[in-house]
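Student: need coordinates for the following:
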Amino acid sequence: MNKYLELKSEQDTIDLAAYIAPLLKAGDVLCLYGDLGSGKTFFTKQIGKMLHITDEISSPSFVLLNEYRSGKFPLYHIDLFRLREESELLDLGLMDMIETGITVIEWPELAEGILTYRTFSLYFQFDGRKRSVNIIPDSAYAEFFV
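Tutor: Reported below is the predicted structural model:
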């Protein structure tokens with residue numbers, strides 16, 4: 001079941017992360033879709049805080065992957081914008097990471113065909129005035145987004 005939310009303030013995004021984070025288990029994947037500036041990295045920072053990550057969370061745009069181990073679970077923050085081939089995902093060790101922690105993937109389109117794990121897909125939008133998100137949880141979590 002899809003859940004659409006308007007994010008009228010940063011606090012709304014923080015509240016969304018606070019709602020989702022306790023549901024997450026090792027092996028879960030958050031796929032974050034949306035244009036630049038739509039709120040993907042801000043949301044990831046909030047998820048990290050809710051998972052007790054004490055490291056500064058930053059965008060992995062130039063390094064592809066940031067790994068944080070200071071929290072409840074390892075948090076893997078991946079940006080696939082610059083990758084073009086599925087084989088590059090395997091070179092990153094994506095499948096091994098997913099099994100051991102929480103994985104957040106920005107620009108996840110390239111990975112869609114190989115993700116077989118519990119997945120939350122979040123589609124962030126920003127039209128210059130307001131932000132929103134459409135959440136499509138894996139069936140294991142659908143009941144939490146009615």
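Student: what about the nearest residue to residue 38 once chain neighbours are set aside, how many neighbours?
Tutor: Distances taken as C-beta to C-beta, 6 or more residues apart in numbering place residue 124 nearest to residue 38, at 3.9 Å, with adjacent residues excluded. All C-beta spots, glycine's among them, are computed from the backbone N, C-alpha and C. Neighbour count of residue 124, defined by other C-beta atoms under 10 Å: 21.
Student: make sure I have this right: residue 124 is in a helix.
Tutor: No: under the criterion used here (DSSP: H, G, I helix; E, B strand; the rest coil), residue 124 is strand, not part of a helix.
Student: that one: what's it in contact with?
Tutor: 32, 33, 34, 35, 38, 39, 40, 43, 131, 132, 133 (C-beta atoms under 8 Å, 6 or more residues apart in numbering).
Student: next secondary structure element downstream of the helix or strand of the chain with the lowest mean pLDDT?
Tutor: For the chain, using mean pLDDT, DSSP states H and E, the weakest element among its helices and strands is helix 86-92, scoring a mean of 74. Counting by DSSP states H and E, the next helix or strand C-terminal to helix 86-92 is helix 94-100.
Student: average pLDDT for that next one?
Tutor: Averaging pLDDT along helix 94-100 yields 78.
Student: and if you look at stretch 56-67?
Tutor: The average pLDDT for stretch 56-67 rounds to 84.
Student: restricting to C-alpha, output it in PDB.
Tutor: Taking C-alpha atoms only, stretch 56-67 is exported to PDB below (Å, rounded to 0.1, in the frame of the first residue of the first chain):
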ATOM      1  CA  GLU A  56      28.500  13.100  10.600                       C
ATOM      2  CA  ILE A  57      26.400  11.700   7.700                       C
ATOM      3  CA  SER A  58      27.200  13.300   4.400                       C
ATOM      4  CA  SER A  59      26.200  12.700   0.800                       C
ATOM      5  CA  PRO A  60      28.100   9.900  -1.000                       C
ATOM      6  CA  SER A  61      27.800  11.600  -4.400                       C
ATOM      7  CA  PHE A  62      31.500  11.700  -5.100                       C
ATOM      8  CA  VAL A  63      32.600   8.600  -3.200                       C
ATOM      9  CA  LEU A  64      29.600   6.400  -4.100                       C
ATOM     10  CA  LEU A  65      29.500   4.800  -0.600                       C
ATOM     11  CA  ASN A  66      29.700   6.100   3.000                       C
ATOM     12  CA  GLU A  67      29.700   3.500   5.800                       C
END
